[in-house]
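# Pasting the sequence and the predicted model now:
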There are 2 protein chains.
Amino acid sequence: MSQLDFFNKHQETLDQALSAINTRGFWSQYPENPSPRAYGETAAADGEAAFNGLLGKAFELEMPGITGQVKGEQSPYGIEMGVSYPQVDIDVLVSAMKQETKAWRDAGPDVRAGICVEILDRLNKRSFEIGHGVMHTSGQGFMMAFQAGGPHAQDRGLEAVAYGYRAMKEVPETTVWTKPQGKHDPLVMDKTYHIVPRGISVVVGCSTFPTWNTYPGLFASLVTGNPVIVKPHPASVLPAAISVKIAQDVLKESGFAPHIVSMVVDTADAPITKELATHKDVKLIDFTGSSVFGNWLEQHATQAQVFTEKAGVNTVIIDSVADIKAVARNLAFTLSLYSGQMCTTTQAIYIPRDGIKTSDGQMSFDEVAQALSIATSKFLSDNDRACMVLGAIQAPATVARIKECEGLGEVVLASEKREHPQFPNAEIHTPLILKVDAADIEKYSEERFGPISFLIATDSTEHSMALAKQVISEKGAITLGVYSTDDAVLDQAEELAMDVKVALSINLDGGVFVNQSAAYSDFHATGGNPAANASLTDTAFVASRFVVVQSRRHQ
Amino acid sequence: MSQLDFFNKHQETLDQALSAINTRGFWSQYPENPSPRAYGETAAADGEAAFNGLLGKAFELEMPGITGQVKGEQSPYGIEMGVSYPQVDIDVLVSAMKQETKAWRDAGPDVRAGICVEILDRLNKRSFEIGHGVMHTSGQGFMMAFQAGGPHAQDRGLEAVAYGYRAMKEVPETTVWTKPQGKHDPLVMDKTYHIVPRGISVVVGCSTFPTWNTYPGLFASLVTGNPVIVKPHPASVLPAAISVKIAQDVLKESGFAPHIVSMVVDTADAPITKELATHKDVKLIDFTGSSVFGNWLEQHATQAQVFTEKAGVNTVIIDSVADIKAVARNLAFTLSLYSGQMCTTTQAIYIPRDGIKTSDGQMSFDEVAQALSIATSKFLSDNDRACMVLGAIQAPATVARIKECEGLGEVVLASEKREHPQFPNAEIHTPLILKVDAADIEKYSEERFGPISFLIATDSTEHSMALAKQVISEKGAITLGVYSTDDAVLDQAEELAMDVKVALSINLDGGVFVNQSAAYSDFHATGGNPAANASLTDTAFVASRFVVVQSRRHQ
């Protein structure tokens, strides 16, 4: 095959993605509906069977330097995973990957982009298998695991390919430079501009979104010419492993060394991320996880460009509403989805202690709290649906945190433990909603990861805004929602969002939720507050992944 | 006046600059020839008079927090400068600049770009005055000071404006997002994308190129919405001060606070750059100077994005030549220009000890050395021309270094002290050229800033390449020149350039020199080796100077 075959095959898709990032309207390459029409009659069953076929076995990848096997994933749904993964000697692997950098660099943007889109295409075809993998490592309900771990993650990957491709293509490959010299002959030079990758890229995954938060860095680095090591969270390896295997298959078919995409696995007991991240040849690091480790990387991995997404205090400000029931339903879904284990889930909800205006008249703080509590209870009243939406709690620490936080305020809605109809060992917990006073800032201004949120009684919407500004400036946030029927308040909210550099959602009361972002249209994090130093995906996320090396000579 | 007046006035210029960065062919907005036709009959005399009128006086700028006056510049030509500059309370200034960020942010890309180009236009009109300022602080000869400090610096500034403008304009201001919902009505959202500046930007200038190395960071930050503090080198304040004053004038005329561009001055005895660079509100730092300080900034100013240009060992490899005289003339100019005080001047020249092939047959190492020595002597034989080209040595440490380095090798060409026809106190020194063996790597692999270069006897061109690779990987370089009549060697040089991420010039033997780079066409540094972590100017240089804050709401 020709190296450009995949580029030719996917050129239209790439063009559409490039158009989508320019206009930022709705577009999606990968169907989010897991329907037989979109994925084939047998796709669901085949995918589940493929997933089951992986359990209890050694997962094989082609990498130099394999020294043994490592395992340790625990499904939050309680099934036995038992998958083991190759363990590698980092120095051997990195050295072997360096050897392949030239071939991958010389392939050029078109070949690399074609291969990246082919990888994404194959990932898409295996969305059910990957969905089960995401479900049984992250704890997400299957529908969410399929969508967020499959097509939505693939769209984020394609978005990164498009950004990287555009940035590279903005540099011409050659030029003729002709400088007039008055009456003399002009100076004429031929110039060539090479896109040169930074070096080895490491993508450090998280336990909750093992593909969605991994693909942007993986594809941004890969399309710009950097070999990539995926370092999954030890609790969520399988979806990353399947993804790396698919990438290796496509690379190999295209005549490249499969280990241009590799995987390094560790365990919670013997972590190796620090060693890997500070390796002298590692020049790019993408990280999703805790602020403590993200900040450590920013400060210590100074040999590399470091892109981080860390913790924050996502915020909603309620000033006034047209339809409190619609607002409460919308927020109930946000607080329930994946038990609040999204990096975008609202934690702090500021409401004036004197209540808010609604189209049905004034509503007291407690009435607002009650509306939210009732909407959440009602939404979760059907246990089957509740379990699908809530998913399982990924980490024991998060289960413990629910209990620990109960005393932080007055309980508006208690967290309940639920029984999953299929998985008796799954830890399923409904949201805990607490009422606190604005003065108790130390209670609500720390990230309390999991299904824990605070209704914060403030003096006024102005006070709500001031507190949100302070907390987000200091602790960061990825999402801010504001509810108001007053345009002046919405203008202030827009100012607040710009001040603290956070994405703003206004009056969401229908089928769009503050914790969801759409590839090609919504920037996920701004990179401008402590929650993240990078955005998925903007030009800054790709532009420093390569340098331009020019050569010039007289004609 | 309307805020868009300057944008309308300069839109064609901006469009041309945008086209130039896309094609990277020759283009220049600002005439490099200081001719009356280009600048006006009286421009030269007026500029000199304006410069003289500044001497011995207090230079005034509009900034909150002025606490006193500071002075201390010493002209390398020995004239009495005596200009004093306002000294400010950093906290007061930064706080006042933060207050103005909203207005400057809200002005938007068009207004800001228009103002930036107007500033550059006025800088251009004052190129003679600024040229004298550059000459008498940096020590450059007047012609170079005019060109590099005037039109070439202005072109680099406009290039940064164009890059910043393009990056901002690639984000649409608004979009309508319409997501189909099968048989139901689609979800429709209005989305707005705000370009939000990072914060306060600090541009730390150097003593040798007080405008050329300052304008890229200044204009990249300014056009993307960041208020900018220029922190000039204490030895080279005046050209920066004139530039800041012009920026303040234009800002004021446009209805903005003049201190959106400010200047903070210190002295060598009481430096304040560390304090300024680690101020919590400083989010962008551009630095040109020593590796020690540049590395310190990269490691300590972690609250900011840091763009550095540091030291390196610029390199030429001679394998074979068509015309040794032409090559020697070209290199003689490179080594002589501004006494080697350019960050692009060649220091290490690798030549096989067994000599090279020329079109006139084999030439021994010593014959090559001799050719270079003779060409340099001849080029500098006319003292008036020599003084114009050499300029004065900027710093006493550089004068001392010439002496210190004499013992590092066999002297091929001794450095001579010259008398300047007009300025008896000027320190004028011709290049020192030394012969060393490849084995003496510690001698030629440290940057020896100033008119000091090494002819390094290697085993072969292959050996030359290996040494260059090692030294540039470890110490960095901004320029690499290669001379060969063998295409295979040139291919290897191209590989070497990509490996160590350095710009390559091939067989320069005419009117283009390895130490010169042309705005819009040549990238100055790649940002990929230890000599610099940024490039003037690529997309990475501008993309992280702003973030995008979006808001969304249902239609």
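That came through, no problem.

# Now A:L434: closest residue in space, sequence neighbours ignored.
A:G409 (3.4 Å; C-beta to C-beta, 6 or more residues apart in numbering or on different chains). Where you see a C-beta, it was placed from the backbone N, CA and C, and this is true even at glycine.

# does chain B sit close to the helix or strand hosting A:V292?
For A:V292, the host element (DSSP states H and E) is helix A:291-300. Yes: contact of helix A:291-300 with chain B (C-beta under 8 Å from any C-beta of the partner chain) involves A:E298, A:Q299.

# What of stretch A:344-352?
No: residues of stretch A:344-352 contacting chain B under C-beta under 8 Å from any C-beta: none, with a closest distance of 13.3 Å.

# now that stretch: mean pLDDT?
Averaged across stretch A:344-352, the pLDDT comes to 97.

# CA atoms only for it, dumped as CSV, please.
Extracted in CSV, the C-alpha atoms of stretch A:344-352 (Å, rounded to 0.1, in the frame of the first residue of the first chain):
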residue,chain,number,x,y,z
THR,A,344,-17.0,19.4,34.8
THR,A,345,-19.7,18.5,37.4
THR,A,346,-21.0,21.4,39.4
GLN,A,347,-20.0,21.5,43.1
ALA,A,348,-20.8,25.0,44.2
ILE,A,349,-24.3,26.4,43.7
TYR,A,350,-24.6,30.0,44.8
ILE,A,351,-28.2,31.2,45.7
PRO,A,352,-29.1,34.4,47.5
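
# Tell me the buried residues in it?
Neighbour counts over stretch A:344-352 (16 or more other C-beta atoms under 10 Å in any protein chain shown) mark A:T344, A:T345, A:T346, A:Q347, A:A348, A:I349, A:Y350, A:I351, A:P352 as buried.

# So for the residue most central in space within chain A, what's the nearest residue that isn't a sequence neighbour?
In chain A, the residue lying closest to the centroid (C-alpha atoms, centre = their mean) is A:N213, at 3.0 Å. Using C-beta to C-beta, 6+ apart and skipping the chain neighbours, the partner closest in space to A:N213 is A:T288 (4.1 Å).

# Hmm, A:C343 and the one you found touching each other?
Yes: if you go by C-beta atoms under 8 Å, A:T288 and A:C343 touch, sitting 7.4 Å apart.

# Mind giving me the packing neighbours of the helix or strand just after the helix holding A:V292?
Sequence-wise, the next helix or strand downstream of helix A:291-300 (DSSP H and E) is strand A:305-309. The contact analysis (3 or more C-beta pairs under 8 Å, 6 or more residues apart in numbering or on different chains; DSSP states H and E) places strand A:305-309 against strand A:282-288, helix A:291-300.

# Can you say which of these is packed in most?
Among those, strand A:282-288 has the highest mean neighbour count (mean count of other C-beta atoms under 10 Å in any protein chain shown), at a mean of 26.

# Direction included, what does that one pair up with?
strand A:200-204 (parallel), strand A:305-309 (parallel) (DSSP bridges).

# so of those strands, which one's packed in deepest?
strand A:200-204 (a mean of 27).

# how near is A:Y163 to A:P424?
44 Å (C-beta to C-beta, to the nearest Å).

# Then A:L18?
Applying C-beta to C-beta to A:L18 and A:P424 gives a distance of 48 Å.

# Which one of these two is surrounded by more residues?
A:L18 (17 against 9; other C-beta atoms under 10 Å in any protein chain shown).

# State the helix or strand in which that one lies.
Using DSSP H and E, A:L18 falls in helix A:5-23.

# And A:P76, by the same measure?
Going by DSSP H and E, A:P76 is not part of any helix or strand.

# Now for it, how many residues are close by?
With other C-beta under 10 Å as criterion, A:P76 counts 29.

# Could you measure from the closest residue to A:P76 other than its chain neighbours over to chain B?
Leaving aside its sequence neighbours, A:P76 sits nearest to A:G139 (C-beta to C-beta, 6+ apart; 3.3 Å). A:G139 is 27 Å from chain B, where distance means C-beta to the nearest C-beta, to the nearest Å.

# I'd say A:G139 and A:Q74 touch.
No: the criterion here is C-beta under 8 Å, and A:G139 misses it with A:Q74 at 10.1 Å.

# With neighbour numbers in mind, choose between these two.
Comparing A:G139 with A:Q74 by neighbour count (other C-beta under 10 Å), the higher total belongs to A:G139, at 29 against 16.

# can you pull the contacts of that one?
A:P76, A:Y77, A:T208, A:Y338, A:S339, A:Q341, A:G391, A:A392, A:I393, A:Q394, A:A426, A:E427 (C-beta atoms under 8 Å, 6 or more residues apart in numbering or on different chains).

# now, which of those residues sits nearest B:I472?
B:I472 lies nearest to A:T208 out of the contacts of A:G139, by C-beta to C-beta, at 42.9 Å.

# In which helix or strand does the closest one reside?
Here A:T208 is assigned to no helix or strand, by DSSP H and E.

# ends of stretch A:346-357, how far apart?
Chord length of stretch A:346-357, first to last residue, is 22 Å (C-alpha to C-alpha, to the nearest Å).

# ditto for stretch A:451-465
23 Å.

# near chain B, which residues of the stretch 401-550 of chain A?
Checking the stretch 401-550 of chain A against chain B by C-beta under 8 Å from any C-beta, the hits are A:493-495, A:497-498, A:501-512, A:518, A:521-523, A:526-528, A:535, A:538-540, A:543-544, A:547-550.

# cool, the stretch 151-300 of chain A as well?
Residues of the stretch 151-300 of chain A lying near chain B (C-beta under 8 Å from any C-beta): A:166-167, A:170-172, A:175-181, A:187, A:189, A:191-194, A:196, A:198, A:298-299.

# Kindly report the same for the stretch 1-150 of chain A.
So far as C-beta under 8 Å from any C-beta goes, the stretch 1-150 of chain A lies against chain B at A:N22, A:T23, A:R24, A:G25, A:F26, A:K102, A:R105.
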